[in-house]
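K.L.:
what follows is a predicted protein model with its sequence.
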Amino acid sequence: MGNEVYLTRQGFQKLQQQLESLKISGRQKIAKAIAEARAQGDISENAEYDAAKEAQAHNESRIAELESKLANVRIIENENIPSDKIFIGAIVTLEDLDNDEQLTYMLVSPEEASYEENKISLFSPIGKGLLGHKVGETIAIKVPAGTLNYKVKQIKRPS
(Lines give C-alpha, C1' and ligand atoms only; values in the text may rest on other atoms or scores of the structure.)
Protein backbone atom coordinates (compact mmCIF):
# COMPACT_ATOMS: atom_id res chain seq x y z
CA MET A 1 0.00 0.00 0.00
CA GLY A 2 2.96 2.37 0.39
CA ASN A 3 2.00 5.88 1.50
CA GLU A 4 -1.49 5.60 0.07
CA VAL A 5 -4.37 6.36 2.41
CA TYR A 6 -7.61 4.58 1.53
CA LEU A 7 -10.72 6.53 2.49
CA THR A 8 -14.40 6.49 1.69
CA ARG A 9 -15.67 9.67 0.06
CA GLN A 10 -17.29 10.59 3.39
CA GLY A 11 -14.01 10.04 5.26
CA PHE A 12 -12.14 12.17 2.72
CA GLN A 13 -14.62 15.03 3.17
CA LYS A 14 -14.35 14.74 6.96
CA LEU A 15 -10.53 15.07 6.83
CA GLN A 16 -10.83 18.05 4.47
CA GLN A 17 -13.22 19.75 6.92
CA GLN A 18 -10.83 19.08 9.82
CA LEU A 19 -7.98 20.60 7.83
CA GLU A 20 -9.96 23.72 6.95
CA SER A 21 -11.04 24.13 10.58
CA LEU A 22 -7.43 23.87 11.81
CA LYS A 23 -6.22 26.32 9.16
CA ILE A 24 -8.88 28.93 9.79
CA SER A 25 -10.39 28.85 13.29
CA GLY A 26 -7.47 26.99 14.89
CA ARG A 27 -4.90 29.48 13.64
CA GLN A 28 -7.10 32.48 14.53
CA LYS A 29 -7.71 31.24 18.07
CA ILE A 30 -4.00 30.56 18.64
CA ALA A 31 -2.93 33.91 17.15
CA LYS A 32 -5.34 35.65 19.52
CA ALA A 33 -3.94 33.70 22.52
CA ILE A 34 -0.36 34.61 21.51
CA ALA A 35 -1.30 38.28 21.13
CA GLU A 36 -3.01 38.32 24.54
CA ALA A 37 0.00 36.64 26.18
CA ARG A 38 2.39 39.14 24.54
CA ALA A 39 0.25 42.02 25.81
CA GLN A 40 1.04 40.90 29.36
CA GLY A 41 4.60 42.10 28.90
CA ASP A 42 7.73 40.00 29.44
CA ILE A 43 7.36 36.74 27.48
CA SER A 44 10.49 35.06 28.85
CA GLU A 45 8.63 33.51 31.80
CA ASN A 46 5.07 33.73 30.54
CA ALA A 47 3.26 30.37 30.87
CA GLU A 48 0.33 31.53 28.71
CA TYR A 49 2.70 32.51 25.91
CA ASP A 50 4.55 29.17 26.14
CA ALA A 51 1.25 27.26 26.09
CA ALA A 52 -0.01 29.23 23.09
CA LYS A 53 3.24 28.65 21.18
CA GLU A 54 3.02 24.93 22.01
CA ALA A 55 -0.60 24.84 20.80
CA GLN A 56 0.52 26.59 17.62
CA ALA A 57 3.22 23.97 16.99
CA HIS A 58 0.73 21.15 17.60
CA ASN A 59 -1.84 22.76 15.27
CA GLU A 60 0.74 23.23 12.49
CA SER A 61 1.94 19.64 12.93
CA ARG A 62 -1.64 18.34 12.61
CA ILE A 63 -2.18 20.52 9.50
CA ALA A 64 0.97 19.07 7.89
CA GLU A 65 -0.14 15.52 8.80
CA LEU A 66 -3.61 16.02 7.27
CA GLU A 67 -2.18 17.66 4.15
CA SER A 68 0.14 14.69 3.68
CA LYS A 69 -2.68 12.19 4.11
CA LEU A 70 -4.99 14.08 1.77
CA ALA A 71 -2.23 14.28 -0.86
CA ASN A 72 -2.00 10.47 -0.82
CA VAL A 73 -5.71 9.62 -0.66
CA ARG A 74 -7.22 6.90 -2.78
CA ILE A 75 -11.02 7.08 -2.63
CA ILE A 76 -12.70 3.72 -2.12
CA GLU A 77 -15.51 3.61 -4.67
CA ASN A 78 -18.44 1.32 -3.88
CA GLU A 79 -18.12 -0.56 -7.17
CA ASN A 80 -14.55 -1.54 -6.18
CA ILE A 81 -15.67 -3.15 -2.92
CA PRO A 82 -16.27 -6.87 -3.44
CA SER A 83 -19.63 -8.04 -2.11
CA ASP A 84 -18.59 -11.69 -1.76
CA LYS A 85 -15.75 -11.23 0.75
CA ILE A 86 -14.79 -8.82 3.50
CA PHE A 87 -12.63 -5.98 2.23
CA ILE A 88 -11.98 -2.34 3.20
CA GLY A 89 -15.20 -0.37 2.85
CA ALA A 90 -17.46 -3.40 3.40
CA ILE A 91 -20.29 -3.36 5.91
CA VAL A 92 -20.26 -6.70 7.70
CA THR A 93 -22.97 -8.26 9.86
CA LEU A 94 -21.63 -10.86 12.26
CA GLU A 95 -23.17 -13.25 14.74
CA ASP A 96 -21.24 -13.49 17.98
CA LEU A 97 -21.26 -17.25 18.55
CA ASP A 98 -20.57 -16.84 22.27
CA ASN A 99 -23.69 -14.78 23.05
CA ASP A 100 -25.86 -14.92 19.86
CA GLU A 101 -25.57 -11.13 19.51
CA GLN A 102 -25.62 -9.55 16.04
CA LEU A 103 -22.95 -6.94 15.31
CA THR A 104 -22.51 -4.72 12.28
CA TYR A 105 -19.19 -3.10 11.44
CA MET A 106 -17.78 -1.15 8.53
CA LEU A 107 -14.14 -1.96 7.77
CA VAL A 108 -12.22 1.28 7.21
CA SER A 109 -8.71 2.76 7.24
CA PRO A 110 -7.30 3.81 10.63
CA GLU A 111 -8.01 7.47 9.74
CA GLU A 112 -11.76 6.76 9.62
CA ALA A 113 -12.05 4.31 12.50
CA SER A 114 -14.74 5.32 14.99
CA TYR A 115 -16.06 3.06 17.73
CA GLU A 116 -19.19 5.23 18.09
CA GLU A 117 -20.01 4.77 14.38
CA ASN A 118 -19.13 1.02 14.36
CA LYS A 119 -16.27 1.72 11.93
CA ILE A 120 -13.29 -0.50 12.71
CA SER A 121 -9.79 -0.24 11.33
CA LEU A 122 -8.69 -2.98 9.01
CA PHE A 123 -5.44 -2.98 11.03
CA SER A 124 -7.19 -3.69 14.35
CA PRO A 125 -7.18 -7.29 15.58
CA ILE A 126 -10.84 -7.71 14.60
CA GLY A 127 -10.35 -5.98 11.24
CA LYS A 128 -7.36 -8.17 10.38
CA GLY A 129 -9.27 -11.26 11.45
CA LEU A 130 -12.25 -10.43 9.23
CA LEU A 131 -10.38 -9.57 6.02
CA GLY A 132 -11.00 -11.94 3.13
CA HIS A 133 -13.72 -14.02 4.79
CA LYS A 134 -17.06 -14.81 3.13
CA VAL A 135 -20.69 -15.13 4.19
CA GLY A 136 -21.29 -18.31 6.17
CA GLU A 137 -17.72 -18.66 7.38
CA THR A 138 -16.94 -19.03 11.07
CA ILE A 139 -13.98 -17.03 12.35
CA ALA A 140 -12.02 -17.18 15.63
CA ILE A 141 -10.19 -13.89 16.23
CA LYS A 142 -7.59 -13.59 18.98
CA VAL A 143 -7.79 -10.28 20.85
CA PRO A 144 -6.03 -9.22 24.06
CA ALA A 145 -9.11 -10.22 26.11
CA GLY A 146 -9.31 -13.72 24.61
CA THR A 147 -10.84 -15.18 21.46
CA LEU A 148 -13.91 -13.84 19.66
CA ASN A 149 -15.97 -16.34 17.67
CA TYR A 150 -18.04 -14.93 14.83
CA LYS A 151 -20.09 -16.21 11.94
CA VAL A 152 -20.28 -13.90 8.90
CA LYS A 153 -24.00 -13.30 8.21
CA GLN A 154 -23.91 -10.57 5.56
CA ILE A 155 -21.49 -8.43 3.54
CA LYS A 156 -22.77 -5.21 1.94
CA ARG A 157 -21.33 -2.25 0.13
CA PRO A 158 -22.11 1.16 1.58
CA SER A 159 -25.10 2.86 0.02
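P.N.:
Yep, that arrived.
K.L.:
only C-alpha atoms from now on, for both contacts and neighbour counts.
P.N.:
Noted.
K.L.:
contacts for stretch 99-106 next, please.
P.N.:
Stretch 99-106 has contacts (CA atoms under 8 Å, 6 or more residues apart in numbering) with 88-96, 118-120.
K.L.:
so which helix or strand takes in residue 69?
P.N.:
Assigned by DSSP states H and E, residue 69 belongs to helix 47-71.
K.L.:
coming back round to it: drop anything exposed from the contacts of stretch 99-106.
P.N.:
88-96, 119-120 (16 or more other CA atoms under 10 Å).
K.L.:
make CSV out of the contacts of stretch 99-106 and add distance to residue 136 and secondary structure.
P.N.:
What follows is the contacts of stretch 99-106, written out as CSV (distance: CA to CA, whole Å; DSSP: H, G, I helix; E, B strand; the rest coil):
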residue, distance to residue 136, secondary structure
88, 19, coil
89, 19, coil
90, 16, coil
91, 15, strand
92, 12, strand
93, 11, strand
94, 10, strand
95, 10, strand
96, 13, strand
118, 21, coil
119, 21, strand
120, 21, strand
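K.L.:
surely residue 37 meets residue 45?
P.N.:
No - using CA atoms under 8 Å, residue 37 makes no contact with residue 45, being 10.8 Å away.
K.L.:
who has more neighbours, the two?
P.N.:
residue 37 (20 against 9; other CA atoms under 10 Å).
K.L.:
excluding residues flanking it in the chain, which one is nearest the more buried one?
P.N.:
residue 49 (4.9 Å; CA to CA, 6 or more residues apart in numbering).
K.L.:
what residues are up against the one you found?
P.N.:
Counted by CA under 8 Å, 6+ apart, residue 49 has contacts 33-34, 37-38, 43.
K.L.:
if you count neighbours, what's buried in the longest strand anywhere in the chain?
P.N.:
Ordering each strand of the chain by length in residues (DSSP state E) puts strand 146-156 first. Residues of strand 146-156 classed as buried by neighbour count (16+ other CA under 10 Å): 149-156.
K.L.:
return the member of those nearest to residue 63.
P.N.:
residue 156 (33.8 Å; CA to CA).
K.L.:
can you give me the distance of that closest one to residue 59?
P.N.:
Distance, residue 156 to residue 59, by CA to CA, to the nearest Å: 37 Å.
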